[in-house]
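**Student:** the following block contains a protein sequence and its predicted model.
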Amino acid sequence: MRKFLALSTSLIILTALVGCGSQPAAPEQAGAGVEDRSPSAVSTSPVTPVTVGQADLYGIAALKDPKSPLSKRNIYFDYDSYVVKDEFKSLLDHHAKFLVKNGQMKMLIQGHADERGSREYNLALGQKRSEAVRKALILLGAKDAQLESVSLGEEKPACMEQSESCWAQNRRGDMLYSGEF
Amino acid sequence: MKKLKSLFFVGIFLATAVGVSQAQLSIEITGAGAQRIPVAVADFAGERVITQALTSVVRSDLERSGLFLMVDTAGALLNEGTVPNYPEWKAKGADALAAGSVNVMPDGRYETRFRLHDTQKQAAIAGQALAHNATQIRTTAHRIADIIYEKLTGERGIFSTRIAYVVKSAGRYELQIADADGNGAQVALASKEPIISPAWSPDGGRLAYVSFEAKKPVVYVHDLVTGRRHVAANFKGSNSAPAWSPDGARLAVVLTKNGNSQLYVVNVDGSGVTRLAGSSGIDTEPQFSPDGQFIYFTSDRGGSPQIYRQPVDGGPAQRITFDGNYNVTPRLSPDGKSLAYVSRDSGRFRVTIMDLGTRQTQMLTDTAKDESPSFSPNGRMILFATEVSGRGVLAAVSTDGRVKHRLSVQAADVREPAWGPFSK
């Protein structure tokens, strides 16, 4: 039951994400005018997409599907902070589910820091970020053997300018799957 | 003579094992010592093309040290056999005078002879003959400058030493080795991925460093003569910050086997990993004291990054830095009496030196993004990375803060300097 709930939550997130396009979302359509002219709307059973969606949602192909949350791989951190913010918890939840479902898949978590200060100390700060992501995934069911948390410190900035908005993009953890590193 | 020959062969192997770099470091002197010894270096006698090159390197070495004032010799014709007119040179202001010659030997190689005179004592105080080939003119000049420096200051010269550093250009990282004056740069390792934290072995033959070529930091040990390298630490997680033990047998490294960055010691071949110190936070940037008794390191165990030291054989850690809330990258002077590190002061990162006896500190630079201080093997200068006009450059400052110079490469970032040991 709990699993079902979590699944349906994921589904809602997925549909919400998919719903960003021009087509109105399916459930809303089904809930509209019942007795009038569209039997075809009634005939699209809400069950089938759930089953198909479930298979696709955490399948290997989802990793490269831009519509899947699994295609999102960056977790951003506040300045001098190593705590995964609430806004990234559902993303980590999806990745944990993928790892649980695909036990053969491994993930390399690369932590980053902004450029100010010592390179080696920044390497250690990046490690704290990748480690926070690793621990969150473990709590969500991923296996220790699937995960490696490392740091690239300040060496691989996503943004090269010297500004706070730029540094914020560099305080992050990146998730890479088998075949991507 | 035998020693010179073996040096010559080492030079040949080096040239084949590493590629010659196109990007040359250029040097700019921005400060000099308060009291400089006036020295005259006369043009050496012999083939003019050779002697001019040689004499100019001797002069620029001595001048760059900030400890000497070059007295114009106005084309005086002298060689090592000439007895100089001491009162005349003294009147020109020279406390010391060097003169010499370069001669072609029967086998086509060269012999450079020189003599150093004290104009006060009115006597020769040093002299030497050096055999070399045409490609070793700079090396020979550095040797002569070292002898003059040592005779007049009482401490060993560093003109024959080498430096390592990383040059970053578009999508390419090169670990380079150059003479202490930035000349003769050679590429020891080129990679598309970052290279950081080079550290010289005490014998000067190998470099330990961190390379990201495997999409994560891994510690390598690289033999400069053969170009062969091996993995010294590649555990699950990050591997970084290598530091040689004074006997060259072990490396202190930072591993994240148990989550956070912590200090370990491994044998140079990568075997025998042991935990060195432990904290629940970050411990990094280890460095052995020259006597091998202590490990200095950076730790955030007190809430902000500060420098601590701990006996290698166990025992409690002792906090060393207290001023400010960001003190990192501890580097011991060769005599173990001073500590150089980087301190953040009003948002500026500056090289700072602490007298470990009195705990007095002095900020040595007026730049804002200093990193990676590294002592010259005679303890007189500190080489570090900094930024000028948005570009990474190397700079050197004397431990009294007076002598300053800067080394930069056109259109590239230079960073992560490490000053090599005295050549054997």
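**Tutor:** Arrived safely.

**Student:** just the strands in chain A please.
**Tutor:** Along chain A, counting by DSSP state E, strands occupy A:74-76, A:107-112, A:147-153, A:172-177.

**Student:** and the third one, what does it pack against?
**Tutor:** In this case it means strand A:147-153. Secondary-structure packing of strand A:147-153 (3 or more CB pairs under 8 Å, 6 or more residues apart in numbering or on different chains; DSSP states H and E): strand A:107-112, helix A:119-139. For every residue, glycine as well, the C-beta is placed using N, CA and C.

**Student:** could you list the alpha-carbon positions for that strand in CSV?
**Tutor:** Only the C-alpha atoms of strand A:147-153 are listed here, as CSV (Å, rounded to 0.1, in the frame of the first residue of the first chain):
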residue,chain,number,x,y,z
LEU,A,147,27.4,4.0,-4.9
GLU,A,148,30.8,5.8,-4.9
SER,A,149,31.0,9.4,-3.7
VAL,A,150,34.0,11.4,-5.0
SER,A,151,34.9,15.0,-5.3
LEU,A,152,36.1,17.2,-8.2
GLY,A,153,36.5,20.1,-5.8
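
**Student:** tell me the buried residues in it?
**Tutor:** For strand A:147-153, a neighbour-count test (16 or more other CB atoms under 10 Å in any protein chain shown) marks A:147-153 as buried.

**Student:** now for chain B, the helix or strand with the poorest mean pLDDT.
**Tutor:** Least confident helix or strand, chain B: helix B:2-17 with a mean of 37, by mean pLDDT, DSSP states H and E.

**Student:** any idea how far residue B:57 is from residue B:29?
**Tutor:** 15 Å (CB to CB, to the nearest Å).

**Student:** who has more neighbours out of the two?
**Tutor:** residue B:57 (22 against 15; other CB atoms under 10 Å in any protein chain shown).

**Student:** quick revisit: with mean pLDDT added, can I get the strands of chain A in CSV?
**Tutor:** Formatted as CSV, the strands of chain A follow (pLDDT from 0 to 100):
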stretch, mean pLDDT
strand A:74-76, 97
strand A:107-112, 97
strand A:147-153, 98
strand A:172-177, 97
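
**Student:** out of those strands, flag the one nearest residue B:368.
**Tutor:** Residue B:368 lies closest to strand A:147-153 among the strands of chain A, at 19.9 Å (CB to CB).

**Student:** what does the closest one rub up against?
**Tutor:** Under the contact criterion CB atoms under 8 Å, 6 or more residues apart in numbering or on different chains, strand A:147-153 has outside partners A:99, A:106-113, A:119-120, A:122-127, A:129-131, A:133-134, A:137-138, B:194, B:196, B:212, B:215-217, B:236-238, B:256, B:259.

**Student:** what does residue B:165 show for phi and psi?
**Tutor:** According to degrees, to the nearest 10, the main-chain angles of residue B:165 amount to phi -160, psi 170.

**Student:** just list the residues touching it, thanks.
**Tutor:** Per CB under 8 Å, 6+ apart, neighbours of residue B:165: B:175-176, B:178, B:198, B:385, B:394, B:414-418.

**Student:** out of those residues, which are close to chain A?
**Tutor:** Among these, proximity to chain A is found for residue B:416 (CB under 8 Å from any CB of the partner chain).

**Student:** number of residues surrounding residue 156?
**Tutor:** If you meant another chain, say so; for now it's chain A. Neighbourhood size, residue A:156 [other CB under 10 Å]: 15.

**Student:** the intended chain is chain B.
**Tutor:** Residue B:156: 18 surrounding residues under other CB under 10 Å.

**Student:** quick one: classify the closest residue to it other than its chain neighbours as helix, strand or coil.
**Tutor:** For residue B:156, ignoring the flanking residues on the chain, the nearest one in space by CB to CB, 6 or more residues apart in numbering or on different chains is residue B:378 at 4.9 Å. Secondary structure, DSSP: H, G, I helix; E, B strand; the rest coil: residue B:378 is coil.

**Student:** pick the one among the buried residues of strand A:147-153 closest to chain B.
**Tutor:** Taking CB to the nearest CB as the measure, chain B lies nearest residue A:150 of the buried residues of strand A:147-153, at 3.9 Å.

**Student:** now that closest one: how far from residue A:79?
**Tutor:** 22 Å.

**Student:** swap in residue B:274?
**Tutor:** 35 Å.

**Student:** check residue B:377 too.
**Tutor:** 39 Å.

**Student:** so for these two, which residue has more residues nearby?
**Tutor:** Shown here are residue B:377 and residue A:79; by other CB under 10 Å, residue B:377 has more neighbours (19 against 10).

**Student:** you'd agree that one is up against residue B:156?
**Tutor:** Yes. Using CB atoms under 8 Å, residue B:377 is in contact with residue B:156, at 7.4 Å.

**Student:** intersection of neighbour lists for those two?
**Tutor:** residue B:422.

**Student:** got a list of what the residue nearest to residue B:156 touches?
**Tutor:** Going by CB under 8 Å, 6+ apart, residue B:378 touches B:155-158, B:334, B:422.

**Student:** quick one, phi/psi of it?
**Tutor:** Torsion angles, degrees, to the nearest 10, at residue B:378: phi -90, psi 0.

**Student:** what residues are bridge-paired with residue B:173?
**Tutor:** Under the criterion DSSP bridges, residue B:173 forms beta bridges with residue B:168, residue B:191.

**Student:** same question, the one 5 residues further on
**Tutor:** Residues found in beta-bridge contact with residue B:178 (criterion: DSSP bridges) are residue B:163.

**Student:** and for it, the neighbour number?
**Tutor:** Residue B:178 has 20 neighbours, counted by other CB under 10 Å.

**Student:** that one touches residue B:188, doesn't it?
**Tutor:** No. With contact defined as CB under 8 Å, residue B:178 does not count as touching residue B:188 (10.5 Å).

**Student:** excluding its backbone neighbours, what's nearest residue B:399?
**Tutor:** residue B:353 (5.9 Å).

**Student:** and what of residue B:325?
**Tutor:** In space, residue B:325 is closest to residue B:304, 4.0 Å off (CB to CB, 6+ apart).

**Student:** what sits against residue B:398?
**Tutor:** Counted by CB under 8 Å, 6+ apart, residue B:398 has contacts B:33, B:66, B:380-382, B:404.

**Student:** tell me which of those residues is nearest to chain A?
**Tutor:** Of all these, chain A sits closest to residue B:382, with 15.3 Å by CB to the nearest CB.

**Student:** next, find the distance separating that closest one from residue B:43.
**Tutor:** Residue B:382 is 33 Å from residue B:43, by CB to CB.

**Student:** cool, and residue B:106?
**Tutor:** To residue B:43, residue B:106 is 25 Å away according to CB to CB.

**Student:** show me the contact partners of stretch A:170-181.
**Tutor:** Contact with stretch A:170-181 is made by A:63, A:73-79, A:81, A:95, A:104-115, A:129-130, A:132-133, A:154, A:157-159, B:215, as judged by CB under 8 Å, 6+ apart.

**Student:** export it as PDB, just CAs?
**Tutor:** C-alpha atoms of stretch A:170-181 as PDB (Å, rounded to 0.1, in the frame of the first residue of the first chain):
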ATOM      1  CA  ASN A 170      29.300  25.300  -8.800                       C
ATOM      2  CA  ARG A 171      28.200  24.200  -5.300                       C
ATOM      3  CA  ARG A 172      26.600  20.900  -6.500                       C
ATOM      4  CA  GLY A 173      26.600  17.200  -6.600                       C
ATOM      5  CA  ASP A 174      26.400  15.400 -10.000                       C
ATOM      6  CA  MET A 175      25.000  11.900 -10.400                       C
ATOM      7  CA  LEU A 176      26.500   9.700 -13.100                       C
ATOM      8  CA  TYR A 177      25.400   6.100 -13.900                       C
ATOM      9  CA  SER A 178      27.400   3.100 -15.200                       C
ATOM     10  CA  GLY A 179      28.500   3.800 -18.700                       C
ATOM     11  CA  GLU A 180      28.600   7.600 -18.100                       C
ATOM     12  CA  PHE A 181      31.900   7.600 -16.200                       C
END
